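Sharing a model that was predicted from the sequence below.
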Amino acid sequence: MKKTSFLFLTLCSALSVYPQLSWSPPSTISASIMDDSSQPQVVVDSNGNSTAIWVENGVVRASFLPLNGTWSTPAVLSGSGASSLRLGVDGSGDVTAVWLSSNGTVQSATLPLNGSWSAATAISASGSETPSLAVNASGTVAIVWANNGFIQTRTKILGILSLVSTISPSNSSNPDVAISTNGKVVAVWRTLLGSGADMIQSATQTNGTWASAVNVIPFQSAYNHNNPAISIDANGNADVLWFRYLVTNGVYSNLFLYSAYLPSTSTSWSQPIQISDTGAVNPSSLFLDIRADSFGNKIAIWSISLDGGTFIVESSFKTPGGAWGPFSILQDSNLYSLSGGLDCDALGNAVSVNMVFDGSSVKIQAAEASTWELVAQLFWGSQRILSSNPNNGFPVVAANFEAASKTSFVTALWLTSNGTNTILQAATASKQSISPPSNLMVTQSVQNYGVFQDYYNTITWSASPSPNVFEYVVYRNGVLISQVNSSTFQFVDHHAVQNGSVTYSVAAVDGNLFPSQIINVNFP
């Protein structure tokens, strides 16, 4: 998306003061300061409530933080020997947790909003590993895992859990899964081929039925491909990222992040492209996260090592149907930037967390951005230190948007040492958005030029009541088509189809490029 030089200069002036989340001081939420904690996971629901799970003394524990409340006494969800935790939340605030038991069965438990955790239920056979979980706003749940070299899955639709489906060929591992608001599920994984090479593959489920697996890479590559991560937007467009690399006699080289795109209307992935620096390290030492907002924008962060010893945290962004932009660097080369996380709420308020070594101790730092700032290539705000103790690691973060109060809520978790054991700490933050426009309407007119007729749609709206509106953005069928200044309350869309079915969306954007909720109107 291009802006005029005047608009870009105005944006730079408007963004001279970066609005930051208001973070709470850290609090300890693990049950005991005498037992080691690990593997934290966190979600925030659309009411601003947070749920955390982690492993402590070998069992899965969980704590709930109501909005403006305090963390609950941790509950025990599992037996001993649990690992590989995952967590998701739907639009009603109901939470789903999955993990591996000591014998390798995938276990699941649920927490209804304002209720209590259910008993754990086994949903796979023993010998399973690396489960992944996705939950959409309507409550559809998709779980995938590897079992004896095959990718298997179960889906819960309207509260009914499907039978186990095997969706991959043999020699498959490391699955990830995403689900759109309309219930489309896309799973990705790594498969070793008979030639010794490997491939990233995927399968798609629509209306409860899985299609056959397809290759994400349309050619056999001499490189290794592993650790895929997937995101799917509200319109059903999927993006997958993964690490491509060479390994020779145990030495890793030519490592970079690959990406491919699957439009909602296609069954074929786009040609893969490189979007990162080129590194030299085992990808199992790296982290990768990708998220989508309700506009269809996607944002990703990852770590990479250029020398095999220090780590850089990078980020990139793409608009709906567009290409990934040039990556930006969140964290310069650092000895202990080993782990991090990312989340993005519906409005495109993105938050990243990562480890950073300051020369004497390891801190947890957070940065925030709006997808609109990333469109303008202004990227991330300054990093903020969240941790008060000197020895920290392995942060995760979750964000969500509460419509009634127009507030974005964020919760971060990380591990810290109390000098004897590893405990779990948390911090929360919030930020209010501007109000959206209202009274969105569409009328169609025609201009007769003799040799042809131009049907054009005029979209009008009433101003946002917020005082800090910088511009309005207009979408046609989920694709950005215009940006107009704050004193303009209409847009004319030429070359429309006579009485053609179309959905227009409009949002206000404030002086720091943080958008309001979008409002929609259908025509005719």
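Perfect, thanks for sending it.

Next, find the distance separating residue 499 from residue 523.
8 Å (Cβ to Cβ, to the nearest Å). Using the backbone N, CA and C atoms, a C-beta is placed for each residue, glycine as well.

whoops, residue 265 was the one
21 Å.

Looking at those two, which one has more neighbours?
residue 523 (17 against 8; other Cβ atoms under 10 Å).

contacting residues around the more buried one?
442, 444, 457, 500, 501, 502, 503, 504 (Cβ atoms under 8 Å, 6 or more residues apart in numbering).

swap the cut-off to 10 Å and go again
For residue 523, the contacting residues are 441-444, 457, 459, 493, 496, 499-504, by Cβ atoms under 10 Å, 6 or more residues apart in numbering.

got TSV for these, with neighbour count and distance to residue 57 too?
Below are the contacts of residue 523 laid out as TSV (neighbours: other Cβ atoms under 10 Å; distance: Cβ to Cβ, whole Å):
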residue	neighbour count	distance to residue 57
441	13	60
442	17	60
443	11	65
444	17	66
457	21	62
459	24	58
493	19	61
496	20	63
499	10	65
500	11	62
501	9	58
502	18	57
503	13	52
504	23	55
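
now, which of those sits nearest residue 81?
Using Cβ to Cβ, the shortest approach to residue 81 within the contacts of residue 523 belongs to residue 503, at 50.0 Å.

I'd like the next helix or strand past the helix or strand in which that closest one is found.
Using DSSP states H and E, residue 503 sits in strand 502-510. Per DSSP H and E, the first helix or strand lying C-terminal to strand 502-510 is strand 519-523.

Buried residues in that next one, which are they?
519, 521, 523 (16 or more other Cβ atoms under 10 Å).

Mean confidence (pLDDT) on it, please.
Averaged across strand 519-523, pLDDT comes to 94.

and that strand, which strands flank it?
strand 502-510 (antiparallel) (DSSP bridges).

quick one: the strand it pairs with to chain centroid distance?
22 Å (Cα atoms, centre = their mean, to the nearest Å).

same deal with stretch 190-203?
So, by Cα atoms, centre = their mean, the centroid of stretch 190-203 is 25 Å from its chain's centroid.

Got the domain ranges for the protein?
If you go by automatic domain parsing, the domain ranges for the chain are 1-30+287-433, 438-523.

want to throw those into TSV with distance to residue 186?
Shown next, in TSV, are those (distance: least, Cβ to Cβ, whole Å):
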stretch	distance to residue 186
domain 1-30+287-433	12
domain 438-523	18
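
Mean pLDDT lowest where, among those domains?
Among the domains of the chain, domain 1-30+287-433 scores lowest, with a mean of 85.

Which strands and helices lie in contact with the helix or strand hosting residue 132?
Element membership of residue 132, judged by DSSP H and E, is strand 128-135. The helices and strands touching strand 128-135, judged by 3 or more Cβ pairs under 10 Å, 6 or more residues apart in numbering; DSSP states H and E, are strand 83-89, strand 95-100, strand 106-111, strand 141-147, strand 150-157, strand 172-179, strand 185-192, strand 224-232.

Kindly calculate the angle that the fifth one makes with strand 106-111.
Here the directions of strand 150-157 and strand 106-111 differ by 20 degrees (axes from the mean of the first three to the mean of the last three Cα atoms, to 10 degrees).

State the distance from the residue nearest to residue 81 when sequence neighbours are not counted to residue 52.
Nearest residue to residue 81, sequence neighbours excluded (Cβ to Cβ, 6 or more residues apart in numbering): residue 102, at 2.8 Å. Distance of residue 102 to residue 52, given as Cβ to Cβ: 22 Å.

More neighbours: those two, which one.
A count of neighbours by other Cβ under 10 Å puts residue 52 above the other of residue 102 and residue 52, at 25 against 13.

where's the more buried one, which helix or strand?
Secondary structure (DSSP H and E) places residue 52 in strand 50-56.

Check which element follows that strand along the chain.
strand 59-65.

and the next element down the chain from that following strand?
Past strand 59-65, the next helix or strand by DSSP H and E is strand 75-76.

From residue 410, how far out is residue 371?
15 Å.

If you could redo that for residue 186, that was the one I meant.
In terms of Cβ to Cβ, residue 186 sits 26 Å off from residue 410.

Repeat that for residue 112.
23 Å.

again, but for residue 344
10 Å.

now do residue 166
38 Å.

Could you look up the SS state of the residue in the chain sticking out farthest from the centre?
Ranked by distance from the centre of the chain (Cα atoms, centre = their mean), the top residue is residue 450, with 50.7 Å. Secondary structure assignment for residue 450 (DSSP: H, G, I helix; E, B strand; the rest coil): coil.

Endpoints of stretch 511-524, how far apart?
33 Å (Cα to Cα, to the nearest Å).

Could you check how many residues crowd around residue 456?
Neighbour number of residue 456 under other Cβ under 10 Å is 14.

Which secondary structure element is home to it?
Per DSSP H and E: strand 453-462 holds residue 456.

Check which helices and strands that strand sits against.
strand 438-448, strand 469-476, strand 490-493, strand 502-510, strand 519-523.

Recalculate using a threshold of 7 Å.
Strand 453-462 is packed against strand 438-448, strand 490-493, strand 502-510, with contacts defined by 3 or more Cβ pairs under 7 Å, 6 or more residues apart in numbering; DSSP states H and E.

re the thing from before, what strands line up against the strand holding residue 52, and which way round?
strand 37-44 (antiparallel), strand 59-65 (antiparallel).
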